[in-house]
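Student: I would like the atomic coordinates for the input below:
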Amino acid sequence: MGFKALGLDTFPAENAAEAGKLLRQLTHESEDEYAIIYIEETFAQQLHNEIAKFKDSPSPAIILIPGREGSIGLGLQALHDAVERAVGTNILGD
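Tutor: Alright, predicted model coming up:
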């Protein structure tokens, strides 16, 4: 609801299979319509291979966010990995 209140399009999913289907639709059918896609970490964990296809692509940027249960650390790890790829070293520390 918070994202919708900010004027962002939302695509709720009940499970990783639905989230994967939505991800494929958003990245293939709507070519460049969405520059940023937010996915809950719990779904991202199960959709790792599909998300990895976009890790070196500038668009769409796939951002992992904590779910209702809280963070499982995937979003922070993805940020560390992206910075390390961009800079060549881990400047954020552990």
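
Student: And the top helix by length along the chain, what does it pack against?
Tutor: Identified as the longest helix of the chain according to DSSP state H is helix 74-87. Applying 3 or more Cβ pairs under 8 Å, 6 or more residues apart in numbering; DSSP states H and E, one finds that helix 74-87 contacts helix 41-46, strand 61-65. Where you see a C-beta, it was placed from the backbone N, CA and C, and this is true even at glycine.

Student: so after the longest one, what's the next helix or strand?
Tutor: Yep, that's helix 41-46 we're talking about. Next in sequence after helix 41-46, counting helices and strands by DSSP states H and E, comes helix 48-52.

Student: With only the CA atoms kept, save that following helix in CSV.
Tutor: Coordinates of each C-alpha in helix 48-52 appear next as CSV, following Å, rounded to 0.1, in the frame of the first residue of the first chain:
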residue,chain,number,x,y,z
HIS,A,48,17.7,-15.9,-8.3
ASN,A,49,18.4,-17.2,-11.8
GLU,A,50,15.8,-14.9,-13.5
ILE,A,51,17.0,-11.9,-11.5
ALA,A,52,20.7,-12.6,-12.3
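
Student: sorry, back to before: would you reformat the helices and strands packed on helix 74-87 as TSV and include mean neighbour count and mean pLDDT?
Tutor: Output for the helices and strands packed on helix 74-87, formatted as TSV (neighbours: other Cβ atoms under 10 Å; pLDDT from 0 to 100):
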stretch	mean neighbour count	mean pLDDT
helix 41-46	18	92
strand 61-65	17	88
